[in-house]
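J.: Sharing a model that was predicted from the sequence below.
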Amino acid sequence: MGPLDAVPRAQLVGNDLHVTLDFDRTGPPPVGVPTLVLMSGDGKSAPVELPMRWEDEDRVGAHFLLPGSGTWHPVVKLDGRAWRAPPVTLPWAPEFEPGSAAEGKALLLATAKAGGGAERLSMAGLFSEALQSEARVPLAPALIALSVALLLAEVFFRRFLSGRVPRLKPRFVRSVSLEAMPAARAVAAPPSRDVRASPEADAPPVKTPEPAPQPPPKSDMASALEEATARAKKRTGR
């Protein structure tokens, strides 16, 4: 049996690895039972060897569930020969593998059937077929009336019963020192004299001459100008 007498294939669906080996129909049938050997790419796991079964007249195959992410190299052994299939890898965990639309629809139909639901392609008639409440007295009108009454009561209370908060006016308090008051009175009061004991009490009062009015003080700028003018006259002799 030559190397082209059989063709190995590897197909990965989720984490299910399906390895097949197709033989030439015109050639003689194989002797013995082929086996599948799976070797990990990192070499940390031991090789796994599985027997292969006939799936068709000229095809043998085997299934293997990949334990996790990583690269696996499938090799088919038969009668001292080996056929190497393409390596496969699982880039994500099986539960995170994106499914097809057909698988999703089948899952939804199975869930709806288990819960007594039905398939709906539009929203028309969705609420018309909904189950009504089994209560004898409907509660919706009573709840609406209670909500309106509470709203009106709140408005009435805020409008008529809640008074305005009075604003406190600031009070200005003048601080007066009580200790300084007697001293001020003592300074303001004139000294008392005994009129009987003084011989000059009957004499007419003597008028003291009033001092002559002094000219207003000149400003610093005017005095500076006068000094500058006097110095200039001394220098020029005019």
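T.: Thanks, I have the structure now.

J.: Can you name the next helix or strand after the helix or strand of the chain with the lowest mean pLDDT?
T.: Across the helices and strands of the chain, mean confidence by mean pLDDT, DSSP states H and E is lowest for helix 180-188: a mean of 50. Once the chain leaves helix 180-188, the next helix or strand it forms, by DSSP states H and E, is helix 220-236.

J.: Sort out which residues of that following helix are buried, please.
T.: Neighbour-count burial for helix 220-236, counted by 16 or more other CB atoms under 10 Å, picks out no residue. The way it works is simple: take the backbone N, C-alpha and C, and place the C-beta from them, glycine included.

J.: tell me, what residue is most central in the protein?
T.: For the chain, the residue nearest the mean C-alpha position is Phe96 (27.5 Å; CA atoms, centre = their mean).

J.: and that one, how far is that from Asn15?
T.: 11 Å (CB to CB, to the nearest Å).

J.: where are the low-confidence patches of the chain?
T.: Low-confidence segments of the chain (pLDDT under 70): 1-4, 93-95, 130-134, 163-220, 238.

J.: Strands of that one, start to end?
T.: For the chain, the strands defined by DSSP state E cover 6-13, 16-23, 35-40, 48-51, 53-56, 59-65, 71-78, 81-84, 88-89.

J.: In its sheet, which strands sit next to the shortest one, and in what direction?
T.: The reference is to strand 88-89. Taking DSSP bridges as the criterion, strand 88-89 forms sheet pairs with strand 71-78 (antiparallel).

J.: Can you name the residues in contact with the strand it pairs with?
T.: 6, 8, 10, 17, 19, 21, 30, 32-42, 52, 64, 66, 82-85, 87-89 (CB atoms under 8 Å, 6 or more residues apart in numbering).

J.: try stretch 44-52
T.: Stretch 44-52 is contacted from outside by 19, 21, 33-40, 60-62, 64, 67, 76, using CB under 8 Å, 6+ apart.

J.: quick one: which of these is most hemmed in?
T.: When neighbours are counted by other CB atoms under 10 Å, Val19 leads the contacts of stretch 44-52 with 27 neighbours.

J.: gap between the residue lying closest to that residue once chain neighbours are set aside and Phe127?
T.: For Val19, ignoring the flanking residues on the chain, the nearest one in space by CB to CB, 6 or more residues apart in numbering is Pro74 at 4.7 Å. Pro74 sits 55 Å away from Phe127, taking CB to CB as the criterion.

J.: same check, this time on Pro138
T.: Taking CB to CB as the measure, Pro138 falls 17 Å from Phe127.

J.: more neighbours, these two?
T.: Between Pro138 and Phe127, counted using other CB under 10 Å, the more crowded position is Pro138 (10 against 7).

J.: how much space between that one and Ile144?
T.: The gap separating Pro138 from Ile144 is 11 Å, by CB to CB.

J.: Check Val33 too.
T.: Plainly put, Val33 is 79 Å away from Ile144 if you go by CB to CB.
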